[in-house]
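**Q** curious how this folds, go ahead:
(2 chains)
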Amino acid sequence: MPVTLATHAMGTRFELVLDGDDPLRLRTVGEAALREVTECHRRFNLFDPGSWLNTLNRRAADGPVELDGLTFELLDVCRQVHRDSGGAFDITVAPLMHAWGFHSASGSADRTAIKKARERVGMGLVQLDQETKSLRFTRPGVALDLGAVAKGFAIDLAIERLCEHGVTCALLHGGTSTAAAIGSPPGQNGWRVKVLAGNDACSSVEDSTVTLKDSAMSVSAPHGRVIEADGQTLGHVLDPRTGRPATRGGFAAAVGESACLTDAWSTALLVLGHTPDTLPNTLRTILPTSQVLSKPMPAITEYALS
Amino acid sequence: MTETDRRTFLLQTGGTLAAVAIVPGIAFAAEVVLGGELSVAIIGMGRQGRSIAGELQKIKGVKVTAICDVDPGRLRSGARRVAGVATFESHRQLLDRAEDISAVFVATPTHMHRAVFEDALAAGKHVYCEAPLATTVEDCQAIAAAGRDASTVCAAGLLARSNPIYKLARTFFRSDSVRELVAMRAQSNDKTTWRSPASDPVREKALNWRLDPGLSTGLAGELGTHQFDVFHYYRGVYPTSIQGRGSIRVYDDGRKVDDTIAAMLGFADGSVLQYAATLGNSFEGTHEVFYGSNAAIKLAWTHGWMFKEADAPTQGWEVYANRQQFFNEEGITLIAGATQLAEQGKLKSGVGLPNPPLYTGWVTSL
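**A** Now for the predicted structure:
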């Protein structure tokens, strides 16, 4: 009998399905796993002025702030994906997101503010010291937005907790944009997850199904949160390199071992706008593409991350 | 324990850390900075210990330098969440070796508080102990006596007393805002098994002390204590009678500790506090309500509201207050420093505490 649990966090609903022969124990372990998610939510919530993330954002321009192991791990992954994606993934976009109006309910872009915000964006303004495990901003006004990666990170921690307690069959997703699986459902070779292409921008694309087994997948699409500007509807994924919303449309999916990495890379790939065919060799070496979908899918990229 | 103002725990334990600056940050998250560096330890790295670590991390001038847990898994996961921390498997070891520590946060299972509390005091540390203090009256009295005789600061984790919203609402309660107290009600609703997973049956039993009838104070003790104290804090009187019932409504897994309870606490003046708690439903979470002939005050730890009767007189401060609609009722948001926030244009709908009650609890008591 599968056990299902859910919790609200990070502006969405996390759902966990577990299978095994001791439902009581599964529920107990599942609760512990979901507590990892809510703890991450509390720590890294940009919209809570009292969160650890906002404490860092307030403090790191004044001098180095010592980080705990978890926060350092997360920021280190962000730095790595920023480097490997040539800046297409960048957690310093908070001031830009704010200026574009993606952080407010009204959602209106302010040109002067956008110009000013660009001066405070860039991983070059962030010093992450491996030795002292500390964080420092080299300019006031720099702020981190972990929205593109926190869900994946939380899911990784939850999955880790489940494995620690011997769970061998589970699927956890956060708002259907990132999912991670342990093992496979009884009698099957993996958890089948459908990637819906149901968006105007890629109506020529068929839905596809990905099978997850001890792996994770993330999907990014710009249409989740939008604003109106210059008569255009703009999606909430910004290209940090240009300071403008990524214009390619469609969506990007990444499959890999770590939900944190797939989460970050799905955003990076959406910004880069590669299809599996146009993926440059430099990226291929970083992303082993063993699971690229064989169908030609414009504006859709999917890579398996090791 | 002496009636130490828990809000000054951080300050007093700091000794030389006399200066507390309130630094305004983004929005209205005021950041507290203690002048100097205070080294503290957390004993017990379960859920509460981890929360404590998370909140202390945000307070400048306080550093968690040692943690302790008998469970290696919890110790490991704790160490990952606290920068450069020393780990110990027994609290005696910690107290022996970590000499630089001036304050200890006790977040062990309730029945172990007394031993840790007494040892920490003997080692000359300031002690902040989670509530409830103990599972037996005898242990509570022993802790109180030890705290009274101590030269260091002792505080119990009854967080209403340091919560700015609760303090503000108390001034209204004690003025004419509520007028005749009609009734009192409190609830603590959550959806959780209250169980922790463990690797083996021995650990399982130890970790799940809250489900052990011999050790647990049940929902009324573990959750109710914090809420009963709100009524004591506001009124200064203890109940003189109690009647209640409990049952297992949802988690019929062999447990003996009720997952749902209801109780009536009677006071000498005839007033009654109705209390209900459950682990089977989370509707409206944890809150306390005072019903008066002029208004009702509802307190929900990070938020508070006043619901006025139509015939209640208007008060000056209401001009600055903002309001929230709850079906047919309109709640006036209670927030400390509302006038200031209004002047800065920062008083928004549904505004609450910028930090969890835990945070203000330690800032003020450290």
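
**Q** how about the helices in the chain?
**A** In the absence of a named chain, this looks at chain A. Counting by DSSP state H, one finds helices in chain A at the ranges A:23-44, A:52-59, A:69-84, A:94-100, A:111-118, A:150-164, A:259-272, A:281-286.

**Q** hmm, I had chain B in mind actually
**A** Chain-ordered helices for chain B, with DSSP H as the definition, fall at B:9-14, B:47-56, B:72-81, B:91-97, B:113-122, B:137-149, B:164-174, B:201-207, B:218-219, B:225-235, B:338-343, B:357-365.

**Q** including mean neighbour count and mean pLDDT, could those helices go into a markdown table?
**A** C-beta: built from backbone N, CA, C; applies to glycine. Converted to a markdown table, these look like this (neighbours: other Cβ atoms under 10 Å in any protein chain shown; pLDDT from 0 to 100):
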| stretch | mean neighbour count | mean pLDDT |
| --- | --- | --- |
| helix B:9-14 | 24 | 46 |
| helix B:47-56 | 21 | 93 |
| helix B:72-81 | 18 | 94 |
| helix B:91-97 | 17 | 95 |
| helix B:113-122 | 21 | 96 |
| helix B:137-149 | 15 | 93 |
| helix B:164-174 | 19 | 91 |
| helix B:201-207 | 14 | 92 |
| helix B:218-219 | 21 | 98 |
| helix B:225-235 | 20 | 97 |
| helix B:338-343 | 15 | 59 |
| helix B:357-365 | 24 | 68 |
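
**Q** any stretches of the stretch 101-250 of chain A with poor pLDDT?
**A** Within the stretch 101-250 of chain A, the segments meeting pLDDT under 70 span A:105-108, A:197-207, A:222-234, A:247-250.

**Q** measure residue B:140 to residue B:113 for me?
**A** 9 Å (Cβ to Cβ, to the nearest Å).

**Q** same thing with residue A:278?
**A** Using Cβ to Cβ, one obtains 63 Å as the distance from residue A:278 to residue B:113.

**Q** can you give me the offset of stretch B:250-257 from its chain's centre?
**A** In terms of Cα atoms, centre = their mean, to the nearest Å, the gap separating the centre of stretch B:250-257 from the centre of its chain is 26 Å.

**Q** next, the contact list for the residue in the stretch 101-250 of chain A that chain B sits nearest to, please.
**A** For the stretch 101-250 of chain A, the nearest residue to chain B under the criterion Cβ to the nearest Cβ is residue A:165, separated by 4.8 Å. With contact taken as Cβ atoms under 8 Å, 6 or more residues apart in numbering or on different chains, residue A:165 is in contact with A:25, A:29, A:32, B:197, B:199.

**Q** just give me the residue right at the centre of chain B.
**A** In chain B, the C-alpha closest to the average C-alpha coordinate belongs to residue B:159, at a distance of 3.5 Å (Cα atoms, centre = their mean).

**Q** residues from the stretch 101-250 of chain A in reach of chain B?
**A** Proximity of the stretch 101-250 of chain A to chain B is confined to A:133, A:164, A:165 under the rule Cβ under 8 Å from any Cβ of the partner chain.

**Q** tell me how far the residue lying closest to the second one once chain neighbours are set aside lies from residue A:74.
**A** Here the nearest residue to residue A:164 in space, its sequence neighbours aside, is residue B:73; by Cβ to Cβ, 6 or more residues apart in numbering or on different chains that works out to 6.9 Å. For residue B:73, the distance to residue A:74 (Cβ to Cβ) stands at 21 Å.

**Q** quick revisit: of the contacts of residue A:165, which is the most crowded?
**A** Neighbour count (other Cβ atoms under 10 Å in any protein chain shown) singles out residue A:29 as the most crowded of the contacts of residue A:165, with 28 neighbours.

**Q** was I right to think that one contacts residue A:18?
**A** Yes - proximity of residue A:29 to residue A:18 meets the contact threshold set by Cβ atoms under 8 Å, at 7.3 Å.

**Q** quick check: neighbours shared by those two?
**A** Overlap between the neighbourhoods of residue A:29 and residue A:18 consists of A:162, A:167, taking contacts as Cβ under 8 Å, 6+ apart.

**Q** strands along the stretch 201-350 of chain B, start to end?
**A** Under the criterion DSSP state E, counting those that start in this stretch, strands of the stretch 201-350 of chain B are mapped to B:241-247, B:260-266, B:272-278, B:286-292, B:295-299, B:304-308, B:323-326, B:329-333.

**Q** quick one: those as JSON lines, columns for mean neighbour count, mean pLDDT and distance to residue B:133 too.
**A** Compiled in JSON lines, the strands of the stretch 201-350 of chain B are given as follows (neighbours: other Cβ atoms under 10 Å in any protein chain shown; pLDDT from 0 to 100; distance: least, Cβ to Cβ, whole Å):
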{"stretch": "strand B:241-247", "mean neighbour count": "12", "mean pLDDT": "97", "distance to residue B:133": "19"}
{"stretch": "strand B:260-266", "mean neighbour count": "18", "mean pLDDT": "98", "distance to residue B:133": "19"}
{"stretch": "strand B:272-278", "mean neighbour count": "20", "mean pLDDT": "98", "distance to residue B:133": "19"}
{"stretch": "strand B:286-292", "mean neighbour count": "21", "mean pLDDT": "98", "distance to residue B:133": "20"}
{"stretch": "strand B:295-299", "mean neighbour count": "22", "mean pLDDT": "96", "distance to residue B:133": "22"}
{"stretch": "strand B:304-308", "mean neighbour count": "23", "mean pLDDT": "94", "distance to residue B:133": "26"}
{"stretch": "strand B:323-326", "mean neighbour count": "12", "mean pLDDT": "90", "distance to residue B:133": "35"}
{"stretch": "strand B:329-333", "mean neighbour count": "17", "mean pLDDT": "91", "distance to residue B:133": "33"}
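
**Q** leaving out chain neighbours, which residue sits closest to residue B:163?
**A** Counting by Cβ to Cβ, 6+ apart, the nearest residue to residue B:163 once its immediate chain neighbours are dropped is residue B:357, at 4.9 Å.

**Q** what's the distance between that neighbour and residue B:306?
**A** Counting by Cβ to Cβ - residue B:357 and residue B:306 are separated by 19 Å.

**Q** what does residue B:206 give?
**A** With distances defined as Cβ to Cβ, the gap from residue B:206 to residue B:306 amounts to 44 Å.

**Q** could you do residue B:332 as well?
**A** Shown here: residue B:332 relative to residue B:306, a distance of 5 Å by Cβ to Cβ.

**Q** what of residue A:31?
**A** Separation of residue A:31 from residue B:306 (Cβ to Cβ): 35 Å.

**Q** equivalent analysis for residue B:277, please.
**A** Computed as Cβ to Cβ, the residue B:277 to residue B:306 distance reads 24 Å.

**Q** please apply the same query to residue B:324.
**A** Remark: distance between residue B:324 and residue B:306 (Cβ to Cβ) = 11 Å.

**Q** residues shared between the contacts of the two?
**A** residue B:331.

**Q** what about the residue of the stretch 251-366 of chain B found nearest chain A, how many neighbours?
**A** Across the stretch 251-366 of chain B, the shortest distance to chain A (Cβ to the nearest Cβ) belongs to residue B:355, at 3.8 Å. Per other Cβ under 10 Å, the neighbour tally for residue B:355 reads 24.

**Q** how about it: what's its closest non-neighbour residue?
**A** In space, and not counting its chain neighbours, residue B:355 is closest to residue A:50: 3.8 Å by Cβ to Cβ, 6+ apart.

**Q** what does residue B:72 give?
**A** Leaving out its chain neighbours, the residue that sits closest to residue B:72 by Cβ to Cβ, 6+ apart is residue B:89, at 7.4 Å.

**Q** was I right about the one you found contacting residue B:68?
**A** Yes - with contact defined as Cβ under 8 Å, residue B:89 reaches residue B:68; the gap is 7.0 Å.

**Q** what about the two, which has more around it?
**A** residue B:68 (28 against 12).

**Q** ok, now how distant is the more buried one from chain A?
**A** 17 Å (Cβ to the nearest Cβ, to the nearest Å).

**Q** hey, what's that residue bridged with?
**A** Beta-bridge pairing of residue B:68 under DSSP bridges involves residue B:43, residue B:88.
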